[in-house]
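*Asks:* sequence plus predicted model, see below.
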Amino acid sequence: MPNETTNAAKLGALQQFATAIAANTPELPHLEKSCLQYVEMVGNLGGIANKQATLVASKQEASKEFRTLLLECQRLATVLRVAIKQHYGIRSEKLAEYNLQPFRGRKASSEKRRSKKQPELVPVQPEQQTPQA
């Protein structure tokens with residue numbers, strides 16, 4: 001048993017030891033009470049291991065079910081958000097109650113930046129060459 005590293009391997013070694021103890025209990029009268037307690041504990045341990053395996057499988061199934069339901073819920077929420085915007089209008093402040101951003105137009109500072117005229121570019125004239133005599 002000292003070389004076992006996984007819980008399943010440790011449990012297997014303990015069960016094998018319990019089987020040997022149960023078969024030889026009459027030969028160990030001074031350890032009878034402890035041997036019976038050990039055999040009972042190993043039996044309980046096996047039951048708990050089976051329960052744990054069942055719970056792992058049910059956890060995987062629950063996780064799969066959760067992901068599926070979460071995706072469907074997100075899709076329905078998207079539809080409802082659009083319907084709520086359509087019902088109240090995109091500019092209604094009532095949208096804020098649904099944690100939706102109402103359209104409030106552009107900010108004034110961005111309009112000023114867009115309305116500024118671009119500086120006119122002055123074309124550079126090439127230097128005239130003087131005729132050489």
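*Replies:* It's in.
*Asks:* what is the burial count for Y98?
*Replies:* 11 (other C-beta atoms under 10 Å). Every C-beta, even on glycine, is put in place using the N, C-alpha and C of the backbone.
*Asks:* any idea of the mean pLDDT for the host helix or strand of T68?
*Replies:* Element membership for T68, per DSSP states H and E: helix 32-88. The average pLDDT within helix 32-88 is 94.
*Asks:* how about stretch 93-100?
*Replies:* For stretch 93-100, mean pLDDT is 93.
*Asks:* ends of that stretch, how far apart?
*Replies:* 9 Å (C-alpha to C-alpha, to the nearest Å).
*Asks:* list the buried residues of that stretch.
*Replies:* For stretch 93-100, the neighbour count (16 or more other C-beta atoms under 10 Å) marks L95 as buried.
*Asks:* what's in contact with that stretch?
*Replies:* For stretch 93-100, contacts defined as C-beta atoms under 8 Å, 6 or more residues apart in numbering pick out 81, 84-85, 88, 101-102.
*Asks:* mind doing that once more with 7 Å?
*Replies:* Residues from elsewhere that reach stretch 93-100 (C-beta atoms under 7 Å, 6 or more residues apart in numbering): 81, 84-85, 88, 102.
*Asks:* could you identify the most distant pair in the residues you listed?
*Replies:* R81 and P102 (12.4 Å; C-beta to C-beta).
*Asks:* how about TSV for the contacts of stretch 93-100, with distance to C73 added?
*Replies:* Shown next, in TSV, are the contacts of stretch 93-100 (distance: C-beta to C-beta, whole Å):
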residue	distance to C73
R81	13
I84	16
K85	19
Y88	22
P102	24
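*Asks:* just the buried subset of those residues, written out for PyMOL, thanks.
*Replies:* Those of the contacts of stretch 93-100 that count as buried under 16+ other C-beta under 10 Å are selected in PyMOL with:
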select buried, resi 85+88
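*Asks:* now the strand or helix carrying F17: buried residues?
*Replies:* Using DSSP H and E, F17 sits in helix 7-23. For helix 7-23, burial by neighbour count (16+ other C-beta under 10 Å) applies to 11, 14-15, 18, 21.
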